[in-house]
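Undergrad: quick one: sequence plus predicted model below, questions after.
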Amino acid sequence: MEYFFMLTGFIMASYSLVSNDVIQTLGTFLSSNKERPWWMLWLFASFILTAIFIFGWWANNGDISYGRLEQIPFPEEFTWVYLVPPIVLVILTQLGIPVSTTFLILTVFAPQALNSMLIKSLLGYLLALVTGIVIYKFVARGLESNFLESQEEENPRYWIVLQWLSTAFLWSQWLIQDMANIFAYLPRKLSLSWLIFSLGITIALHGILFYRRGGEVQKIVTNKTNTQDIRSATIINFIYGSILVFFIKLSSIPMSTTWVFIGLLGGRELAITLNSKIRPLKETGKMIAGDSLKALIGLIVSVLLAFGLPLIEKAIG
């Protein structure tokens with residue numbers, strides 16, 4: 001039964017991660033390449049995913065999480081408790097809420113790590129917010145204005161190359177940071193058979209994501225200004241990926257990439273509003289607050305599950 005809980009937990013967590021967190025990384029890629037076949041985009045993402053998995057497994061002696069699970073011990077016994085977080089995550093995803101899988105899943109495995117993960121995630125949100133404001137208010141101000149004025153024109157081919165390169169860069173850094181959220185369900189050192197199994201599951205689930213063109217959480221991306229422009233998407237990817245590189249180098253403590261994503265898009269949207277007055281500042285403020293509130297809901301649910309489920313399990317006996 002314990003083996004069943006472990007496998008089921010991994011599969012459900014993988015589905016939850018793909019349908020919620022992945023879209024926050026590949027969302028701009030999907031929205032700006034909507035005219036291309038879904039399978040072409042899927043093969044591209046799957047190639048990078050496979051490379052990251054195999055390299056991590058080889059370079060870290062079977063540890064695909066790249067050391068992100070050092071403070072998250074493998075459970076001595078798997079019970080139904082570990083199945084609840086991914087189930088809740090699936091429900092919240094269907095409601096279009098961009099929940100942090102880091103908090104929702106990993107805090108159940110290691111409640112004592114919540115404080116360090118929270119501090120690092122808050123720092124990530126603030127850094128991304130400020131970075132978005134500064135870059136789009138001052139550095140990329142002219143570029144975004146030009147992009148908005150030339151939306152109907154055909155983009156030079158080099159932008160297509162740059163966007164796919166930026167996606168590969170961001171996708172690889174995100175995988176290194178966030179794959180710990182699903183591999184918490186598997187042994188910390190994977191055998192070759194476990195590697196093949198986990199790779200097959202995640203590639204198949206990504207196929208579903210690309211076929212659906214993102215699902216409900218994709219709206220977090222598409223309702224932002226000009227994110228369907230391949231040039232804007234390229235700049236977002238490079239900035240987001242660079243922030244993740246910084247935090248990967250900073251420490252091996254897991255963090256919420258969801259908060260980084262929301263912070264960056266929020267800072268960008270605020271700066272664009274201040275520059276071009278495309279909408280009332282109050283409306284932009286509500287949009288940013290709404291996205292942040294959704295992330296906060298995920299944190300509250302995570303804390304309740306992390307500390308409440310063990311009590312329920314103990315009461316049931």
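TA: Arrived safely, thanks for sending.

Undergrad: name the helix or strand for the nearest residue to residue 195 once chain neighbours are set aside, please.
TA: Distances taken as C-beta to C-beta, 6 or more residues apart in numbering place residue 57 nearest to residue 195, at 5.2 Å, with adjacent residues excluded. C-betas here are computed from N, CA, C, even on glycine. Element membership of residue 57 [criterion: DSSP states H and E] is helix 38-59.

Undergrad: which outside residues touch that helix?
TA: 26, 29-30, 33, 63-66, 164, 167-168, 171-172, 175-176, 179, 190, 195, 198-199, 202-203, 206-207, 210-211, 213 (C-beta atoms under 8 Å, 6 or more residues apart in numbering).

Undergrad: tell me the buried residues in stretch 51-62?
TA: Going by neighbour count (16 or more other C-beta atoms under 10 Å), the buried part of stretch 51-62 is 52, 53, 56, 57.

Undergrad: lowest mean pLDDT among the helices and strands of this structure, which one is it?
TA: Here the helix or strand of the chain ranked lowest by mean pLDDT, DSSP states H and E is helix 219-222, holding a mean of 56.

Undergrad: list the buried ones in whatever helix or strand comes next after it?
TA: Going down the chain from helix 219-222, the next helix or strand is helix 230-250, by DSSP H and E. Neighbour-count burial for helix 230-250 flags 230-241, 243-245, 247-248 (criterion: 16+ other C-beta under 10 Å).

Undergrad: can you tell me how far residue 59 is from residue 297?
TA: According to C-beta to C-beta, to the nearest Å, residue 59 stands 37 Å off from residue 297.

Undergrad: could you do residue 234 as well?
TA: Taking C-beta to C-beta as the measure, residue 234 falls 31 Å from residue 297.

Undergrad: how about residue 267?
TA: Taking C-beta to C-beta, one finds residue 267 at 21 Å from residue 297.

Undergrad: could you pull out the strands in the stretch 151-300 of the chain for me?
TA: Counting by DSSP state E, counting those that start in this stretch, one finds no strands in the stretch 151-300 of the chain.

Undergrad: show me where pLDDT drops low in it?
TA: 151-152, 214-228, 278 (pLDDT under 70).

Undergrad: and the helices in it?
TA: Applying DSSP state H, counting those that start in this stretch to the stretch 151-300 of the chain gives helices spanning 157-178, 180-183, 192-211, 219-222, 230-250, 257-276, 281-316.
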